[in-house]
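Enquirer: sequence and predicted structure are below.
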Amino acid sequence: MKTMPLILICLSVFALAYRYYALWISRRILQCDVSHVTPAVELRDDKNYYPTDKKVMLGQHFAAIAAAGPLAGPVLAAQFGWLPGFLWIIVGCVFGGVAHDMVVLFASMRNKGGSLVKIYESLNISGGQKSLVSVLLLAILILTLAGLSLVCVGAMARAPVSLFVVGSTIPIAMIMGMIMKGDKKLPVATSIGGVLLIIAMIVGIKCFSNCLLLSLDRKSVTILIALYGFIAAILPTWLLLTPRGYLSSFLKIGAIGSLICAISFFNPTLQMPAFSKFITGGGPIIKGSVFPFLFITIACGAISGFHVSIAAGTTSKQCANETHIPLVAGGAMLFEGIVALLALLCACSLNPGDYFAINLPLDKWYEFVVVHPTLQPDNIKNLSDMIGLNLVGRPGGAVSLAAGITYIFAKSPLMTIIAPYVYNFAIMFEAVFILTAIDAGTRSGRYLIEEICSAAKIKIKPVLAAALFTLIWGYLCYSGDVSTIWPLFGVSNQLLASLALLICSIWLFKFINFHFLKILVFLIPSLLLSVTALTASFQQIIEHWAVKNFMLMNLLSIVTFVSFVLFFKLWKKIIFFVTKTTSI
């Protein structure tokens, strides 16, 4: 199977989805009002609340939500073959992700930019239930940032070029923020930021490829990432967060555009089968079957609860007009779906033996080859020689994606010269994706801790809230690894998405006087997602019990139990409102 037809199908479906489905939700379902004063205008303080140009918001929101999920998730799910992931990205993104992100952003903007807990509080839920939502949301956000950070750590550890260029985006973003503030000189700031970013990339590749000072180990990179998240969470949004996300979108759009052009020109063949032998379970990367584990492995790129922390955290405080919601929330979600598809196609373009050789630790790979002798690596040595780095035994998804991108460009006659640049650019591209989500997510976590403390009548300074939140997710990232954190991240992420759809649906019932038929676009994906996530959660609890991994089993048990209780109570509310509506 060639890759180009799949890309054309995706782009066509997503264009139609934005033109008709997203705008239909905005106009007919949510009824976004151009005259409604948004929190960014009403509560403007030029620090947290700041009305921002819709194009800048699209770039910043896309940069924040498109973290490790749409890159690592599809790469790991390629174990099942290319067709399951392709179908889930298309269907999940349109009917799940677009509806989810738009309704969460809308509800948050109508609640003065408050978090999901604030939306839940407006429903006059009893204190105990509100506390459950607060604790669950905080726990899920911590696990999410730890999972995202681990992928970034794997991509940047002992990668001095990526570390230099990604670090350079911080002062560049601050320069852009100072130019853009007040005078709104967006074209000037864009031009300066773009030129400085290109200079930083060239200098990094030319001068820092073998810099031992920047060749940091995993622990050191983890500390730096956590420190960055803390600083970004306490600075004004206009100074670092917004311009940082907007600047990083250049790199992302450039990388995505280049990859689409390469796929269009070279039109590589997918070497991974449509359905692999591991679709029923027993795979070396994901042990479970395609249901339910495909749907928790590919979260960002289809539908993701992490987007709640962004849409109801930073974006709702900066979106200047309700009519911008389809572009900012719906458009960014569709762009993320494209990223997820490209990641899946890059991974599936590799020979299956090469794919498993990269994504398995060395000891497990040796055992795997003995059991599956037909999945021997084919081109891994040539790729490693061209890049100048041994690719075998580098799990996590980031390296296999970069290797897949390099493989697609390998048909170029200059590939032997540019291979190291393509690979390092791909790693840098992935790291920038993730860091943008980390800074926005850490700020959202700070807001959440402040809200929880305020409800408990405890005064806490923003700096202390940010430090506490960063310390928790930073410790998990420092002490864990992808194999232990990512499954927790996947389940908790989808449980949060399902809960957010339910909470926002009840809010629409209560305050916008919706007929229940209108919110089926939110209730149906919520029901399907909750069944899938809870099924995966129960299976993982049993698995952790079998191997006596009691810490992870207890964490997952708590998240699952609290989620189950909330699902039960929220569906009771839904049934109450539906009965009340139909009886009138």
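Expert: Sure, I can see it. Numbering: from 1, shown residues only.
Enquirer: where does the stretch 301-450 of the chain dip in pLDDT?
Expert: For the stretch 301-450 of the chain, the stretches with pLDDT under 70 are 414-416, 433.
Enquirer: how about the helices in it?
Expert: With DSSP state H, counting those that start in this stretch as the criterion, the stretch 301-450 of the chain has helices at 306-311, 325, 332-349, 352-359, 362-371, 380-387, 398-409, 415-455.
Enquirer: deepest of those, which one?
Expert: Of all the helices of the stretch 301-450 of the chain, helix 306-311 has the most neighbours on average by mean count of other CB atoms under 10 Å, namely a mean of 31. Quick note: C-beta positions are derived from backbone N, CA and C, even for glycine.
Enquirer: so which elements touch that helix?
Expert: Secondary-structure packing of helix 306-311 (3 or more CB pairs under 8 Å, 6 or more residues apart in numbering; DSSP states H and E): helix 54-65, helix 99-109, helix 127-156, helix 415-455, helix 482-511.
Enquirer: make it 6 Å
Expert: helix 54-65, helix 99-109, helix 415-455, helix 482-511 (3 or more CB pairs under 6 Å, 6 or more residues apart in numbering; DSSP states H and E).
Enquirer: neighbouring contacts of it?
Expert: For helix 306-311, contacts defined as CB atoms under 6 Å, 6 or more residues apart in numbering pick out 64-65, 101, 104-105, 116, 141, 144, 440-441, 444, 493, 496, 500.
Enquirer: just give me the closest of the residues you listed to Ala77.
Expert: Using CB to CB, Asn493 comes nearest to Ala77 of the contacts of helix 306-311, at 14.0 Å.
Enquirer: that closest one: how many residues sit nearby?
Expert: Number of residues near Asn493 (other CB atoms under 10 Å) recorded here: 26.
Enquirer: buried sites along whichever strand or helix holds Phe295?
Expert: Phe295 is located in helix 290-297, with elements delineated by DSSP states H and E. Of the residues in helix 290-297, Val290, Pro292, Phe293, Leu294, Phe295, Ile296, Thr297 count as buried by neighbour count, 16 or more other CB atoms under 10 Å.
Enquirer: okay, the residues you listed in a markdown table with distance to Ser215 next?
Expert: A markdown table is the format used below for these (distance: CB to CB, whole Å):
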| residue | distance to Ser215 |
| --- | --- |
| Val290 | 39 |
| Pro292 | 40 |
| Phe293 | 35 |
| Leu294 | 36 |
| Phe295 | 38 |
| Ile296 | 34 |
| Thr297 | 31 |
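Enquirer: Leu342: which of the residues you listed is nearest?
Expert: Closest to Leu342, out of all of the buried residues of helix 290-297 and judged by CB to CB, is Thr297, at 16.6 Å.
Enquirer: how far is stretch 346-364 from where the chain is centred?
Expert: Offset of stretch 346-364 from its chain centre (CA atoms, centre = their mean, to the nearest Å): 23 Å.
Enquirer: how close does Val308 get to Val133?
Expert: 11 Å (CB to CB, to the nearest Å).
Enquirer: repeat for Ser530
Expert: Ser530 sits 15 Å away from Val133, going by CB to CB.
Enquirer: hmm, back to that, filter the contacts of helix 306-311 to the buried ones?
Expert: In the contacts of helix 306-311, burial by neighbour count holds for 64-65, 101, 104-105, 116, 141, 144, 440-441, 444, 493, 496, 500, counting by 16+ other CB under 10 Å.
Enquirer: of these, which is the nearest to Leu523?
Expert: Set against Leu523, the nearest of these by CB to CB is Ala500 (12.3 Å).
Enquirer: thought that closest one was touching Val104?
Expert: Yes: look at Ala500 against Val104 with CB atoms under 6 Å: they come within range, at 5.5 Å.
Enquirer: between helix 482-511 and the helix or strand hosting Ser537, find me the angle.
Expert: Element membership of Ser537, judged by DSSP H and E, is helix 520-546. Here the directions of helix 520-546 and helix 482-511 differ by 150 degrees (axes from the mean of the first three to the mean of the last three CA atoms, to 10 degrees).
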